[in-house]
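[1] could you look at this predicted model? Sequence included:
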Amino acid sequence: MEPKQVLSLDEIDLSAPEFWGRPWDEREGAFQTLRRERPMSFYAEPDTQGLVPQGPGYWAVTKHADILRASREPNLFCSSKGATSIPDLPEMFLEFFGAFINMDDPKHMRQRKLVSGGFTRQRLKKLDHDVERIARECLDAVIEKGECDFVTELCAPFPIRIICEMLGIPQSQHQFVFDQTNIILGAGDPEYVPEGSDIAQVLIGAGMALRTLMNELGEERKKKPTDDLTSLLINAEIGGDKLSPEDLASFFILLVVAGNETTRNAISHGVKALHDYPAQKQIWKDDFDNVSQTAIDEVVRWASPVIFMRRTTTRACELGGQQLSEGEKLVLFYASANRDEDVFDDAFRFDVRRTPNEHVGFGGPGPHFCLGANLARREIGIFFRQLFDRMPDLEITGPPERLASNFIHGIKHMPCRFTPGPISG
């Protein structure tokens, strides 16, 4: 895919819903223009349709180097004013939907330490068998058909099942959890939240539903602990400090939302890229084990599942040559940084052997680097191994249908076909 520069510098408005509805090549062309001509650009804030008052505006940070610096200096560029939304949301929203993403140290460090035991390399290694089984079962569900919607039928069930099984959520609740995550991250898309709905009430309703589920599961695990992640989190303790029920519920919402959306969209974009670049697919298939490390990172760079995160200045400073005052909003556009020509050779080419590949698809370096990055890499690698082995001729048969969002680089639907095969024994 090559960027198409159809908008002049002054025609680019990153707050306009119409901008995010443009074709991918036109959006990439706009960010290319910004990186070259105005890497720190100021915009009025998006219209929230009365959800919250419109704020004073924000700086769009589009260069890789500036995003790295803002990520590495949390004392200067903080997250506690809100990291997952450009408008200032009520504190209840920040804590309810963002967990420690919307926190700074020492509160952030405290919570991250308490939950990090569930994501050690040793613990994740033990999950490999379950991840392989779930990937195999997801393929089994469609392999005899010869065609399906790659996203909804094949890819989407995969990460949500992994997370639910990690937490000990019964299978009967998996679809319910999946539906609530779609509402939370698809609130701007009429497929998930009908036009005219009270978005605040819909979001709170989805969040409360997930919170109730986790509270009930937590009470069960207090009485009858198991070896699942919920039991580990309930009993996690550092220096007498433990997660409160509210902390646990907030982290659960973050985990099922972020873990579901990012992995399924990375895989979906990756499959589309391999369809568009068949030579790269062949390179990976022919030497899967040796190519996988670089290929997985290239899938994440290419997909950039989370388009941005926000920071707020804590005092007067400078970034990217722009003087900033205390309290100014910075929106770190990871999707733009991952195409920065100063960092990536031939940035708009999908290359499964790309190295180096200092992408920010898991967020920038620093305290907020994605806690689940190693899990996501495992999921992506195992899924593609199964896909190459059992559906080697899978091809995309129609254009992807995109999620209406300026936050998640999502694909909702994508038709595919393949030679039918047998269900695994």
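    On my side now, so go ahead.
[2] return the alpha-carbon coordinates of stretch 228-244 using CSV.
    The C-alpha trace of stretch 228-244 is given here as CSV (Å, rounded to 0.1, in the frame of the first residue of the first chain):
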residue,chain,number,x,y,z
ASP,A,228,-6.5,-19.5,37.0
LEU,A,229,-5.5,-15.9,36.7
THR,A,230,-8.5,-14.7,38.8
SER,A,231,-7.3,-16.7,41.8
LEU,A,232,-3.8,-15.4,41.3
LEU,A,233,-5.0,-11.8,41.2
ILE,A,234,-7.2,-12.1,44.2
ASN,A,235,-4.3,-13.4,46.3
ALA,A,236,-1.6,-11.2,44.8
GLU,A,237,0.1,-9.3,47.7
ILE,A,238,3.2,-7.1,47.9
GLY,A,239,4.1,-5.7,51.3
GLY,A,240,0.6,-6.2,52.6
ASP,A,241,-0.9,-4.4,49.6
LYS,A,242,-3.6,-6.2,47.6
LEU,A,243,-6.0,-5.4,44.8
SER,A,244,-9.4,-4.1,46.0
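[3] hmm, who's touching it?
    Applying C-beta atoms under 8 Å, 6 or more residues apart in numbering, the contact partners of stretch 228-244 are 110-111, 113-115, 117-118, 165-168, 214, 217-218, 221-222, 225, 248, 251. From N, CA and C alone the C-beta is placed, and that goes for glycine too.
[4] strands of the protein, start to end?
    40-43, 58-61, 77-78, 147-149, 237-238, 241-242, 308-313, 317-319, 322-324, 329-333, 395-396, 401-402, 411-413, 415-417 (DSSP state E).
[5] so how do I select the buried members of the contacts of stretch 228-244 in ChimeraX?
    Buried subset of the contacts of stretch 228-244, written as a ChimeraX selection, criterion 16 or more other C-beta atoms under 10 Å:
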select :110,111,114,115,118,165,166,167,214,217,218,221,248,251
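[6] okay, and which of the contacts of stretch 228-244 map to helices?
    Counting by DSSP state H, the contacts of stretch 228-244 place 110-111, 113-115, 165-167, 214, 217-218, 221-222, 248, 251 in helices.
[7] okay, helices next: where are they in the stretch 101-250 of the chain?
    107-116, 121-126, 128-140, 157-167, 174-185, 199-223, 229-235, 245-276 (DSSP state H, counting those that start in this stretch).
[8] would you format those as CSV with mean pLDDT and distance to Phe350 included?
    Below are the helices of the stretch 101-250 of the chain laid out as CSV (pLDDT from 0 to 100; distance: least, C-beta to C-beta, whole Å):
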stretch, mean pLDDT, distance to Phe350
helix 107-116, 88, 32
helix 121-126, 85, 27
helix 128-140, 96, 22
helix 157-167, 93, 21
helix 174-185, 86, 25
helix 199-223, 87, 34
helix 229-235, 89, 34
helix 245-276, 89, 4
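[9] and the chain, what are its domains?
    Using automatic domain parsing, the domain parsing of the chain gives 1-38, 47-417.
[10] of the ones you listed, which stretch is the most buried?
    Ranked by mean neighbour count, the domains of the chain are led by domain 47-417 with a mean of 18 (mean count of other C-beta atoms under 10 Å).
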